[in-house]
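**Student:** Next comes the sequence, and after it the predicted model I'd like to discuss.
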Amino acid sequence: MTAPPAEPEPPVNNAPVPAEPLQPVPAAAPTPAPSPKAEPEPVAPPRSDASHLNNPAPVYPAQSRRLREEGRVLFDVYILPNGSVGEIRLKRSSGYPRLDEAALEAVRRWRYVPAKRGDEPIPYWYVQPIDFEYSS
């Protein structure tokens, strides 16, 4: 038996199919260059040495004088925008509690020229040294 004749295959169309026309995509608006950031104004630290403040020196305790105790006390002092002391922390002791306490009592009552950013008074942590030096 012979096989039936094969049906001819339909011709293959290898011609490219035209693509649908592309719609133009709107270009994104150009991103503006970042504006230069304004540099913050420098801060002028507080001062306790202005003569108009009338800040008295700490009292040198009599017993510390007799014992010739000397030292430097450092406080972290939080100065408020109005120039008053908001908080005081002992940063470094003189090694003599009497000297530390005398320094604390004085600084607690002091007034300061407040720190400023530009012309604006700002709160500021300030390191306040107090020296006790024995002189005969």
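**Tutor:** Good, I have the coordinates. Numbering: from 1, shown residues only.
**Student:** make it CA atoms for all contacts and neighbour counts henceforth
**Tutor:** Will do.
**Student:** Could I get the buried residue list for the lengthiest helix in the chain?
**Tutor:** Secondary structure assigned by DSSP state H gives helix 97-109 as the longest helix of the chain. Using 16 or more other C-alpha atoms under 10 Å as the burial criterion, the residues of helix 97-109 that qualify are 98-104, 107.
**Student:** where does this structure dip in pLDDT?
**Tutor:** 1-38, 136 (pLDDT under 70).
**Student:** Strands of that one, start to end?
**Tutor:** Secondary structure of the chain by DSSP state E: the strands cover 43-44, 71-79, 85-92, 115-117, 120-122, 124-132.
**Student:** Which among those is found nearest to V59?
**Tutor:** Counting by C-alpha to C-alpha, V59 lies closest to strand 124-132 out of the strands of the chain; the figure is 9.5 Å.
**Student:** what lines up beside the closest one in the sheet?
**Tutor:** Strand pairing for strand 124-132, using DSSP bridges, gives strand 71-79 (antiparallel).
**Student:** so how far is the strand it pairs with off the chain centroid?
**Tutor:** On the basis of C-alpha atoms, centre = their mean, to the nearest Å, strand 71-79 sits 20 Å off its chain's mean C-alpha point.
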